[in-house]
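>>> Quick one, what's the 3D model for this:
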Amino acid sequence: MEGNQQDFFNLDDFDLRGKRVLLRLDLNSLIHPITGEIMSDTRFHSHVKTINRLKDSKVIILAHQSRPGKYDFVSLKEHARVLQKILGKSVKFMDSLFGSEVLQHIEKMKNGEILMLENTRFYAEDVVLDTSDFETMEKTNFVKALSSVCDYFVNDAFPAIHRNQTSLTGFTRLMPNIAGHLIHTEISALNEFLTRRKGKKIAILAGSKIEDSIAVSRSFLNKGITDEIIVGGVVANAFMWADGKDIGKKNRDFIIKNNKKYESLIKTCTELMEKYRDKIVLPEDFILNPSRTRIHCKEEVPEDQILADIGPDTIATFSEKIREADAIFINGPMGMYELEDYSSGTYEILKEVASSGAMKIAGGGHTISAIEALKLEEHFNHISTGGGALISYLSGEPMPVIEALRLSKNMFQGDDLNGKRQSD
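This is a model prediction of the structure:
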């Protein structure tokens, strides 16, 4: 298993009181395109337990927002303000990542103080380097500067564990790397689902990102991780197209426009349908947009209509499958749930999952948004903060941050785990 938790340090392994702790978070959030306001603080809240565990340390936060060229590629000044409000304590922001002023401030920090540095991706060293070589990362200006004044590196950026970037893995060999509470919680929940053998296990994969869901479907089915895959949204459209069913011109065009490798993806769906037909549950009926009429999947879809939601027969079939399950993973909405006329499928399926006595894990931004709208958060065993990281982890792809945590433990496991570092 990719993330066996004995493989890397956790927050209990060191006495971090009075230490300068470099803390990597993932605060990447939805930004209003006009006002610049942070529209969701979900990821901020996900890191609170880790930050609170470091209340007696001197905490220096590294984080990123978006990437070069995007409208939301902004400074972290507002992020510091939001975090300060959530924590109820001062979070000082400095609009630099390294340099004499930053280093002097870090050296003068007192226990309990929190400092947030500038967006790591403002610096080319975090986004364009060949990060396959630790020596290259260790020679960067900000790694050399920050490693010279910090004692430990705590990584809590689960949504970025599939990235190999300098601010995530560049400190691996320079100081003990420790997994934060969020990373431990996420990996523990996902591993429990992946390795669970008792009872019936299903995955509900929907939404518009078909490449991710097809990758997870292939991994789950080939490895026998789930007994069935239930598909909805554009994911279902891809599988039905691959199975020779008519999905209509607009729905085919959407897949083609949004997926450069759509032919390869449809081919994979075809192969999965041929091999696992009895384990892939397709919709039976839909609600069309803009006509708002119902159509059966055996009927021809009008060229001007979109398959906008699953219909009542499909809701009934999917709900029955959910009631039979002992473990459920759900990612993605059943359709255009943001529009009231096409929200029934998504909401009814989520309510059915929430009322199940099964182990329940949810992931994906739209899924979480719908869960929050229905106020069902407490009914899920785990709601993942990860997007691409979640999909990559479940698909069994390499996780650079997990590998870095493992390597760092191998290098520093001779340290006094309940006291000071031997190098102190």
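
>>> surely H296 meets D285?
Yes - under the criterion of C-beta atoms under 8 Å, H296 makes contact with D285 at 5.0 Å. In this view, the C-beta of every residue, glycine as well, is placed from N, C-alpha and C.

>>> The two: which has the busier surroundings?
Higher neighbour count among H296 and D285: D285, with 20 against 12, using other C-beta atoms under 10 Å.

>>> Please work out the average pLDDT along stretch 166-181.
The pLDDT scores in stretch 166-181 average 98.

>>> ok, now stretch 380-396?
92.

>>> buried set for it?
Neighbour-count burial for stretch 380-396 flags 380, 382-387, 389-396 (criterion: 16 or more other C-beta atoms under 10 Å).

>>> what about it, start to end distance?
Terminal residues of stretch 380-396 are spaced 23 Å apart (C-alpha to C-alpha, to the nearest Å).

>>> Please identify which pair of the buried residues of stretch 380-396 lies farthest apart.
Farthest pair in these (C-beta to C-beta) is F380 and G396. Separation: 23.2 Å.

>>> which ones among the buried residues of stretch 380-396 are found in strands?
Those of those mapping onto strands are 382-383, per DSSP state E.

>>> What's the local residue count around the nearest residue to N289 once chain neighbours are set aside?
Using C-beta to C-beta, 6 or more residues apart in numbering and skipping the chain neighbours, the partner closest in space to N289 is A308 (3.5 Å). Neighbour count for A308, taken as other C-beta under 10 Å: 23.

>>> pLDDT score for A308?
Reading off the confidence values, A308 has pLDDT 98.

>>> Same check on T42?
On the pLDDT scale, T42 gets 89.

>>> Ok, E2 next?
So E2 comes in at 54 (pLDDT).

>>> With the one 3 residues further on instead?
At Q5 the predicted local confidence, pLDDT, stands at 60.

>>> May I have the phi/psi pair for the residue nearest to F412 when sequence neighbours are not counted?
With sequence-adjacent residues excluded and distances taken as C-beta to C-beta, 6+ apart, F412 is closest to P176, at 4.2 Å. Here is the backbone geometry of P176 (degrees, to the nearest 10): phi -60, psi 130.

>>> what number of residues lie near P176?
The burial count for P176: 24, using other C-beta under 10 Å.

>>> Am I right that it is in contact with F153?
Yes - the criterion here is C-beta under 8 Å, and P176 meets it with F153 at 7.1 Å.

>>> Find residues that contact each of the two.
Taking C-beta atoms under 8 Å, 6 or more residues apart in numbering as the criterion, P176 and F153 both touch S408.

>>> what about stretch 55-71, average pLDDT?
On average, stretch 55-71 scores 96.

>>> Mind listing what's buried along it?
Neighbour-count burial for stretch 55-71, counted by 16+ other C-beta under 10 Å, picks out 57-65.

>>> The residue nearest to the spatial centre of the chain: what's it in contact with?
For the chain, G386 is the residue whose C-alpha lies nearest the centre (C-alpha atoms, centre = their mean; 0.9 Å). Taking C-beta under 8 Å, 6+ apart, we find G386 in contact with 158-159, 161, 186, 363, 393.

>>> Which of the residues you listed fall in strands?
G363.

>>> so where do the strands sit in the stretch 251-400 of the chain?
Using DSSP state E, counting those that start in this stretch, the strands of the stretch 251-400 of the chain run over 280-281, 285-289, 294-296, 306-310, 327-331, 359-363, 382-383.

>>> CSV for these, including distance to L374?
CSV is the format used below for these (distance: least, C-beta to C-beta, whole Å):
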stretch, distance to L374
strand 280-281, 23
strand 285-289, 19
strand 294-296, 23
strand 306-310, 16
strand 327-331, 13
strand 359-363, 11
strand 382-383, 12
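
>>> one step back: and for H296 and D285, which residues touch both?
Joint contacts of H296 and D285 (C-beta under 8 Å, 6+ apart) are 311, 313.

>>> do you know how far the nearest residue to I368 once chain neighbours are set aside is from K250?
Once flanking residues are discounted, I368 sits nearest to I383: 5.9 Å by C-beta to C-beta, 6+ apart. Separation of I383 from K250 (C-beta to C-beta, to the nearest Å) stands at 32 Å.

>>> now do E320
Distance of E320 to K250, computed by C-beta to C-beta: 30 Å.

>>> Kindly report the same for D13.
55 Å.

>>> in the sheet, who's paired with A362?
Each beta-bridge partner of A362 is listed here, defined by DSSP bridges: I330, I383.

>>> my guess is it meets H379, correct?
No - the criterion here is C-beta under 8 Å, and A362 misses it with H379 at 9.8 Å.

>>> For these two, work out which one has more neighbours and name it.
Each of A362 and H379 has its neighbours counted (other C-beta under 10 Å); A362 has more, 25 against 16.

>>> State the pLDDT value of G414.
Looking at G414, the pLDDT reads 74.

>>> just checking, it is part of a helix?
No - under DSSP: H, G, I helix; E, B strand; the rest coil, G414 sits outside any helix and is assigned coil.
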